[in-house]
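Novice: Structure of the sequence below:
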Amino acid sequence: MSAVLIAVMVVPLAGALAAWLSPSGPGALSTIASGTATFGLCLALVPTVAGHQGTGAVAALGGWLRVDALSMVFLIATAFLYALTAVFAVGYVAADRSAGALYRRRLYAGINLFAWAMVVAPLMDNLGLLWVAIEVTTVVSALLVAIEGTDGAIEASWKYILIASLGLGLSLLATAVIYHAGSYSLGHGYDLSYSQLLNAGPHYPTGTVRLAYLLAVLGFGTKVGLFPVHTWLPDAHSEAPTPVSALLSGSLLATSLYAILRYYQVAGRVGAGAFARDVLGGFGVATLLLGAVYLASQRDLKRLLAYSSIEHMGIVAIGVSFASPLALTGALLHVLAHAAAKGTSFFGAGSIVRKLHTKDLERIRGGVGLLPWSGPMLVGGMLGLSALPPFGTFRSELSIVAGGLSGGARANTAEEAVAAALVVLTTLGFLGLSWHLTQGLLSPGRPGPGERGEPSKLMVVAMALGLVGLVVLGVHPPAQLSGLLHGAAAELGGAR
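Specialist: Numbering: from 1, shown residues only. Okay, here's the model as predicted:
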């Protein structure tokens with residue numbers, strides 16, 4: 001399995017190199033091949049990691065690479081969306097007759113390089129290298145946001161760079177502070193591997209670890225889209241090419257959240273678990289409130305989906321803060337379900353943009369009717385984002401709410417109040433999405449002349465696969481995946 005782990009790291013990088021050096025045809029094929037191969041390799045790791053009641057792990061390169069149940073969940077989410085996006089991107093570019101060879105090379109290579117950085121992040125068994133990987137995601141994704149060269153795209157990219165850089169500066173300080181905390185028991189010159197940090201955690205000074213955790217939540221939370229450091233997200237997700245928007249929403253936010261969860265584990269070992277949960281729960285409620293309220297006032301389809309991403313990151317944060325096994329399992333399932341739902345929805349938005357050349361919800365009334373396949377699937381993706389059955393988001397949110405009410409680590413009225421707020425705010429978000437869905441996309445009006453048809457078959461294939469994955473997660477997740485989720489929840493539950 002060590003060779004498979006190394007291959008997971010190498011394949012996307014090879015895909016990026018092949019896409020840059022090849023003409024547009026081979027570059028497109030290499031992108032699909034690398035995305036599909038990466039997902040297949042990740043699936044090959046699941047039986048080993050999910051074995052032994054979800055406590056297995058695979059290491060390589062002298063321990064520098066390591067995947068356990070927690071990191072495997074985020075790795076699967078990224079690899080799955082990477083494979084779908086690779087297929088969609090080829091169709092998306094082919095449907096744009098104005099796209100030149102240089103643009104194609106940059107986009108294909110950039111998508112592969114972006115996916116590589118997000119795949120590498122959960123493979124790193126070191127907090128310092130994890131920070132480096134997330135920094136790489138910032139650089140690559142900022143260039144991809146600006147790739148269209150429009151004034152709006154360049155402005156969004158600069159805003160993203162400035163805010164994300166401030167956040168990553170705080171998270172680098174968090175890394176330094178946690179290293180200082182470890183020096184009390186491990187001495188100077190040790191590495192920041194998770195096993196060392198967790199094993200020596202009970203001997204760390206609690207106040208220092210609390211400071212490191214708070215800095216990590218603020219710093220990495222900038223990339224997650226937590227309130228109040230979310231302001232770059234709607235602009236960047238709206239202005240980026242649709243394949244990039246899908247990766248930003250479905251993978252990048254989750255990868256950054258994964259970094260916070262590693263600090264969450266250390267805080268729990270120190271005895272600061274209650275503090276860690278309170279901080280994450282507070283940010284989660286504020287983020288969910290912001291996302292739910294702003295959903296109702298959007299006029300841009302991609303900005304609507306961007307605020308939906310903010311809402312869902314708040315849901316995951318609240319789920320982790322409940323700390324009961326059921327809520328933790330639901331939160332981790334939500335990471336996977338959100339990746340599938342958001343990928344499907346952004347792909348549908350991309351089909352509408354290619355068909356009607358606009359993102360304005362007022363100008364795409366009845367637009368779904370012009371897309372015989374991707375139109376209904378876009379409706380399905382948005383219903384998935386609304387957490388309706390039989391989609392995976394319904395199963396995950398139901399688990400989070402039930403876990404919050406079951407007592408968990410803190411059976412008190414505050415936790416019950418947060419669970420009630422979660423229900424109210426997600427309902428508010430559902431109403432916002434439903435309003436735009438019924439008054440805009442599903443309205444009987446037709447947005448001008450246009451033939452009924454799809455811009456690209458590959459774009460339809462990517463959406464269909466995403467929707468199938470979302471339904472499978474809701475109806476009956478595979479047994480090994482369920483074991484993996486329970487194992488990852490147990491790893492986080494040890495932080496109590």
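Novice: ok, which stretches of this structure are strands?
Specialist: 58-60, 65-67 (DSSP state E).
Novice: Where does pLDDT dip in this protein?
Specialist: Scanning the chain for pLDDT under 70 picks out the ranges 23-24, 52-55, 407-412, 440, 443-450, 494-496.
Novice: Please report the residue range of the longest helix in it.
Specialist: helix 151-186 (DSSP state H).
Novice: What is that one packed up against?
Specialist: The contact analysis (3 or more Cβ pairs under 8 Å, 6 or more residues apart in numbering; DSSP states H and E) places helix 151-186 against helix 127-145, helix 194-199, helix 206-224, helix 233-239, helix 253-270. (Glycine included, C-beta is placed from N, CA and C.)
Novice: one more time with 6 Å, if that's ok
Specialist: Applying 3 or more Cβ pairs under 6 Å, 6 or more residues apart in numbering; DSSP states H and E, one finds that helix 151-186 contacts helix 127-145, helix 206-224, helix 233-239.
Novice: Could you identify which of those is most buried?
Specialist: helix 233-239 (a mean of 26; mean count of other Cβ atoms under 10 Å).
Novice: Mind giving me the packing neighbours of it?
Specialist: For helix 233-239, the helices and strands in contact under the criterion 3+ Cβ pairs under 6 Å, 6+ apart are helix 151-186, helix 301-322.
Novice: Distance from the chain centre to the shortest one, please.
Specialist: In this case it means helix 301-322. Here the centre of helix 301-322 is set off from its chain's centre by 10 Å, with Cα atoms, centre = their mean, to the nearest Å.
Novice: tell me the angle it makes with helix 206-224.
Specialist: 160 degrees (axes from the mean of the first three to the mean of the last three Cα atoms, to 10 degrees).
Novice: What are the contacting residues of helix 301-322?
Specialist: Identification of contacts with helix 301-322 by Cβ atoms under 6 Å, 6 or more residues apart in numbering yields 224-225, 230, 233-234, 237-238, 249, 253, 277, 280-281, 283-284, 287-288, 291-292, 294-295, 298, 327, 330-331, 334, 338, 345-346, 349, 359, 361, 385, 400, 403-404, 408, 422, 429, 436.
Novice: Reformat the helices and strands packed on helix 151-186 as TSV; add distance to T175.
Specialist: Below are the helices and strands packed on helix 151-186 laid out as TSV (distance: least, Cβ to Cβ, whole Å):
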stretch	distance to T175
helix 127-145	5
helix 206-224	8
helix 233-239	23
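Novice: Quick check: buried residues in stretch 479-496?
Specialist: 481, 483-493, 495 (16 or more other Cβ atoms under 10 Å).
Novice: now the residues you listed in JSON lines, with distance to V266?
Specialist: JSON lines is the format used below for those (distance: Cβ to Cβ, whole Å):
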{"residue": "L481", "distance to V266": "27"}
{"residue": "G483", "distance to V266": "25"}
{"residue": "L484", "distance to V266": "22"}
{"residue": "L485", "distance to V266": "22"}
{"residue": "H486", "distance to V266": "22"}
{"residue": "G487", "distance to V266": "19"}
{"residue": "A488", "distance to V266": "16"}
{"residue": "A489", "distance to V266": "17"}
{"residue": "A490", "distance to V266": "16"}
{"residue": "E491", "distance to V266": "12"}
{"residue": "L492", "distance to V266": "12"}
{"residue": "G493", "distance to V266": "14"}
{"residue": "A495", "distance to V266": "8"}
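Novice: From those residues, pick the one nearest S71.
Specialist: Looking at the buried residues of stretch 479-496 and their distance to S71, the nearest is A488, at 8.4 Å (Cβ to Cβ).
Novice: residue contacts, that closest one?
Specialist: Here A488 is in contact with 69-70, 73, 332 (Cβ under 6 Å, 6+ apart).
Novice: From G207, how far off is it?
Specialist: With distances taken as Cβ to Cβ, to the nearest Å, A488 is found 29 Å from G207.
Novice: re the thing from before, got a markdown table for the strands of the chain, with mean neighbour count and distance to L143 too?
Specialist: Converted to a markdown table, those look like this (neighbours: other Cβ atoms under 10 Å; distance: least, Cβ to Cβ, whole Å):
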| stretch | mean neighbour count | distance to L143 |
| --- | --- | --- |
| strand 58-60 | 19 | 29 |
| strand 65-67 | 22 | 26 |
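Novice: Columns distance to L214 on top of these, output as TSV?
Specialist: Converted to TSV, those look like this (distance: least, Cβ to Cβ, whole Å):
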stretch	distance to L214
strand 58-60	30
strand 65-67	26
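Novice: and of those strands, who's closest to T31?
Specialist: Comparing those by Cβ to Cβ, strand 65-67 comes nearest, at 23.6 Å.
Novice: what about I163, how many neighbours?
Specialist: For I163, the count of nearby residues is 18 (other Cβ atoms under 10 Å).
Novice: Kindly provide the distance from it to A174.
Specialist: Distance of I163 to A174, given as Cβ to Cβ: 17 Å.
Novice: Would you tell me which one of the helices and strands packed on helix 233-239 is buried the most?
Specialist: Taking mean count of other Cβ under 10 Å, helix 301-322 is the most buried of the helices and strands packed on helix 233-239, at a mean of 28.
Novice: Just the CA coordinates for that one, please, in CSV.
Specialist: What follows is helix 301-322, C-alpha atoms only, in CSV (Å, rounded to 0.1, in the frame of the first residue of the first chain):
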residue,chain,number,x,y,z
LEU,A,301,-26.2,31.9,-9.8
LYS,A,302,-22.5,31.1,-9.0
ARG,A,303,-22.5,33.6,-6.0
LEU,A,304,-25.7,31.8,-4.8
LEU,A,305,-23.7,28.5,-4.8
ALA,A,306,-20.8,30.2,-3.1
TYR,A,307,-22.9,31.3,-0.2
SER,A,308,-24.3,27.8,0.0
SER,A,309,-20.7,26.6,0.5
ILE,A,310,-20.3,29.0,3.4
GLU,A,311,-23.6,27.7,4.9
HIS,A,312,-22.4,24.0,4.6
MET,A,313,-19.0,24.7,6.2
GLY,A,314,-20.9,26.1,9.1
ILE,A,315,-22.9,22.9,9.3
VAL,A,316,-19.8,20.8,9.4
ALA,A,317,-18.2,23.0,12.1
ILE,A,318,-21.3,22.7,14.3
GLY,A,319,-21.4,18.9,13.8
VAL,A,320,-17.8,18.6,15.0
SER,A,321,-18.5,20.8,17.9
PHE,A,322,-21.2,18.5,19.2
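Novice: so it versus helix 253-270, what angle?
Specialist: 10 degrees.
Novice: Could you measure from L383 over to V293?
Specialist: Using Cβ to Cβ, one gets 21 Å for the distance from L383 to V293.
Novice: From what I see, E239 and A156 are in contact.
Specialist: Yes - the pair E239 / A156 is scored as a contact, 4.2 Å apart, by Cβ atoms under 6 Å.
Novice: Could you report the neighbour count for V461?
Specialist: By other Cβ under 10 Å, 16 other residues sit near V461.
Novice: what residues are up against it?
Specialist: Going by Cβ under 6 Å, 6+ apart, V461 touches V87.
Novice: list the contacts for G152?
Specialist: G152 touches E239, counting by Cβ under 6 Å, 6+ apart.
Novice: If we use 10 Å, what do you get?
Specialist: When contacts are counted by Cβ atoms under 10 Å, 6 or more residues apart in numbering, G152 touches 146, 235, 238-239.
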